[in-house]
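Colleague: Let me see the structure of the following:
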Amino acid sequence: MDPFVALADPVRRDLLCALASGPARVVDLAARHPISRPAVSKHLRVLAEAGLVTAEDRGRERHYMLARPGLAPVRALLDELAGHRPPIPESAFDALDLEVRRTVHDRRAGTDAAPGTGRP
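Modeller: The predicted model follows:
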């Protein structure tokens, strides 16, 4: 299963946040939510299919842990998005060009703007 599909559900995201602090049993995770233990187990199964959690049997109990390597596709997307900057709109360059021309004109004319206009 795609990790992005698994992360689409807020209950599953909360389960991952809970597991980020360490392993937990289904009963402990279910206590945090107003849903049944079987429903939490189904959410954990989806997370396991997506490679986001692993389970370990300890006696009669099953402990779930966050599988950090499973978050690699999510991290890669976020890193890619963080590296992209929105393009500077052409209008910003036009405004900059106008201000440069005004400044050059004022300096050549040897006149400074009046005090309080925000320009030197």
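Colleague: For the nearest residue to residue 36 once chain neighbours are set aside, give me its contacts.
Modeller: Leaving out its chain neighbours, the residue that sits closest to residue 36 by Cβ to Cβ, 6 or more residues apart in numbering is residue 30, at 7.0 Å. The way it works is simple: take the backbone N, C-alpha and C, and place the C-beta from them, glycine included. If a contact means Cβ atoms under 8 Å, 6 or more residues apart in numbering, then residue 30 has 36, 37, 39, 40 as its contacts.
Colleague: now the strands for the protein?
Modeller: In the chain, strands defined by DSSP state E lie at 24-25, 53-58, 61-66, listed in chain order.
Colleague: Next, format these as JSON lines and append mean pLDDT.
Modeller: Output for the strands of the chain, formatted as JSON lines (pLDDT from 0 to 100):
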{"stretch": "strand 24-25", "mean pLDDT": "96"}
{"stretch": "strand 53-58", "mean pLDDT": "94"}
{"stretch": "strand 61-66", "mean pLDDT": "94"}
